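Visitor: Need a 3D model of the sequence below.
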Amino acid sequence: MSEMTENSNKRSNAGMDATDFPDDLVQTQHAWNATYAALAGFHRGDTTALRRRLLRLSVRLWWHPYWNTARSVPAARTELRQLTRARAAARAA
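Guide: Residues are numbered from 1 along each chain as shown. Below is the predicted model:
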């Protein structure tokens, strides 16, 4: 497998166009997911730092320049979330 294929963020589903996400956008979504999971599992103590991090990451995700070029932003956002969840599940397996 070539390095480009191995490191690609391109994903396609039947009947859908392939979406190629920038690496920084994928990394930000992954960080958002990890922060959200940490916050959801936090039972005691101060959650301020996690909530602030989640807010900063949310802003980065929402205003990323990629969304200006996406054909269908809602579908692309869903695809990005699915991509990062699938990668996290593959790493955990």
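Visitor: Next up, the contacts around the most centrally placed residue in the chain.
Guide: In the chain, the residue lying closest to the centroid (C-alpha atoms, centre = their mean) is Gln29, at 2.5 Å. Shown in contact with Gln29 (C-beta atoms under 8 Å, 6 or more residues apart in numbering): Leu61, Leu80, Arg81, Leu83, Thr84. C-beta here means a position set from N, CA and C on the backbone, and glycine is covered the same way.
Visitor: Let's see which of those residues end up in helices.
Guide: Leu61, Leu80, Arg81, Leu83, Thr84 (DSSP state H).
Visitor: Of all pairs in the contacts of Gln29, which one spans the longest distance?
Guide: Leu61 and Leu83 (13.1 Å; C-beta to C-beta).
Visitor: Point out where this structure drops to low pLDDT.
Guide: 1-19 (pLDDT under 70).
Visitor: And the strands in it?
Guide: Counting by DSSP state E, the chain has strands at residues 10-11, 19-20.
Visitor: tell me the phi and psi of Ala70?
Guide: Phi and psi for Ala70, reported as degrees, to the nearest 10, are phi -70, psi 140.
Visitor: How about the contacts made by the closest residue to it other than its chain neighbours?
Guide: If the residues on either side of it in the chain are set aside, Ala70 comes closest to Ala76, at 4.2 Å by C-beta to C-beta, 6 or more residues apart in numbering. By C-beta under 8 Å, 6+ apart, the contact list for Ala76 reads Thr19, Phe21, Tyr66, Trp67, Ala70.
Visitor: on that earlier part again, which among the ones in helices among the contacts of Gln29 end up buried?
Guide: Leu61, Leu80, Leu83, Thr84 (16 or more other C-beta atoms under 10 Å).
Visitor: Just send these back as TSV, with distance to Gly41 too.
Guide: TSV is the format used below for these (distance: C-beta to C-beta, whole Å):
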residue	distance to Gly41
Leu61	21
Leu80	23
Leu83	23
Thr84	18
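Visitor: Just name the closest of those to Leu39, please.
Guide: Leu61 (15.6 Å).
Visitor: contacting residues for the closest one?
Guide: Here Leu61 is in contact with Leu25, Thr28, Gln29, Trp32 (C-beta under 8 Å, 6+ apart).
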